[in-house]
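Peer 1: next come a sequence and a model predicted from it.
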Amino acid sequence: MDHHLDSFREFLLSERNYSQHTVKAYMTDVGEFVGVARQKKLIPGEGDPFDVRTLDEAPVRAYIGWLYTRNKKVSISRKLSSVRAFFEFLMKTGAVKLNLAKLVPTPRGEKRLPSFLTVDEVVKLLDTVSGDGALDARDSAILELLYSSGLRVSELAGADVGNLDLAAMTVRVLGKGRKERQVPVGSRAAEAIKKYLAHRLDMKPGGDQLFVNSRGGRLTVRSVDRIIKKRAIAAGIPKNVSPHVLRHSFATHLLGGGADLRAIQEMLGHASLSTTQRYTHTSIEKLMEIYDKTHPRA
């Protein structure tokens with residue numbers, strides 16, 4: 001079993017081009033599955049001879065049962081998805097004939113609506129950064145760009161100056177699965193970025209990275225998250241504000257303004273429209289407004 005795990009890790013890295021972080025998450029889940037199956041003696045221990053073709057779905061069912069005593073349904077679904085990906089890989093290599101993890105149903109997840117800010121809260125947050133220094137200019141540009149373009153925090157942190165085309169008002173980013181897309185940049189965000197770029201060289205950047213720290217290095221995802229939280233507290237917003245909340249706010253406000261769902265999907269870089277459809281929880285408010293204005297018996 002162990003050499004199958006090593007091959008799976010290499011497959012995720014080289015053929016799927018997944019990040020080290022994503023690969024680590026997959027391998028943690030699959031390693032946990034194998035560990036539980038060994039503990040329950042449904043597969044032999046490490047180093048013992050074992051023909052994976054003799055497996056049935058019993059180890060998967062045992063793993064799911066074990067998870068139910070420890071995890072929320074959404075975590076169980078994710079972990080089962082990792083195990084299914086592992087068995088899908090084993091099928092591709094001819095090690096097994098069936099994806100045994102697909103014989104076990106996925107638990108129905110608890111529906112959670114994305115957290116987002118109101119338009120007033122976003123304006124309050126963006127207007128909080130008013131200083132003239134390099135760090136204030138940088139933080140303003142970060143906030144404006146996240147809300148203007150709906151970027152993932154990893155996309156923002158990974159952006160280089162060369163990804164910007166302020167004349168065309170666009171930014172090119174590398175999303176999940178290393179898929180590149182071009183995203184519009186709003187006029188307020190473009191102005192904030194221009195102001196920041198006038199200060200950027202003072203921070204002595206060590207390369208082409210767009211957003212840098214006080215030492216000139218590329219800002220990390222964690223650093224961006226800290227900046228957002230710090231600015232939200234300063235703005236007096238009583239919510240747990242994160243870069244992802246700004247991304248959700250971007251999508252929610254576009255949809256509330258009448259934007260097409262597929263256009264929002266394209267801008268967010270979602271592979272599936274069903275992911276984007278989580279934002280339709282706000283559309284009822286818009287529909288009621290239209291109904292009240294137009295229906296003769298409203």
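Peer 2: Structure received.

Peer 1: tell me the contacts of residue 178?
Peer 2: By C-beta atoms under 8 Å, 6 or more residues apart in numbering, the residues touching residue 178 are residue 17. C-beta: built from backbone N, CA, C; applies to glycine.

Peer 1: okay, now the domains of this structure?
Peer 2: The record's domain parsing of the chain by automatic domain parsing lists 2-103, 119-290.

Peer 1: could you list the low-confidence segments of the protein?
Peer 2: 1, 44-52, 54, 71-74, 104-114, 278-298 (pLDDT under 70).

Peer 1: how about the strands in the chain?
Peer 2: Secondary structure of the chain (DSSP state E): strands at 164-165, 170-174, 180-184.

Peer 1: and the first one, what does it pack onto?
Peer 2: Contact analysis of strand 164-165 by 3 or more C-beta pairs under 8 Å, 6 or more residues apart in numbering; DSSP states H and E lists strand 170-174 as its packing neighbours.

Peer 1: could you give the angle of the strand it packs on to strand 180-184?
Peer 2: 150 degrees (axes from the mean of the first three to the mean of the last three C-alpha atoms, to 10 degrees).

Peer 1: buried stuff in strand 170-174?
Peer 2: Neighbour counts using 16 or more other C-beta atoms under 10 Å place 170, 171, 173, 174 of strand 170-174 among the buried residues.

Peer 1: one step back: can you list the strands of the chain in CSV and add distance to residue 92?
Peer 2: Converted to CSV, the strands of the chain look like this (distance: least, C-beta to C-beta, whole Å):
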stretch, distance to residue 92
strand 164-165, 40
strand 170-174, 26
strand 180-184, 26
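
Peer 1: and the gap between the spatially most central residue of the chain and residue 18?
Peer 2: Taking C-alpha atoms, centre = their mean, the centroid of the chain lies closest to residue 152, which sits 6.1 Å from it. Distance, residue 152 to residue 18, using C-beta to C-beta, to the nearest Å: 15 Å.

Peer 1: ditto for residue 64
Peer 2: Distance from residue 64 to residue 18, by C-beta to C-beta: 24 Å.

Peer 1: between these two, point out the one with more neighbours.
Peer 2: Legend: neighbour count by other C-beta atoms under 10 Å for residue 64 and residue 18, higher for residue 64 (22 against 19).

Peer 1: and the helices in the protein?
Peer 2: 2-14, 20-39, 58-68, 73-92, 119-128, 134-149, 153-157, 187-200, 221-234, 243-256, 261-268, 273-276, 283-294 (DSSP state H).
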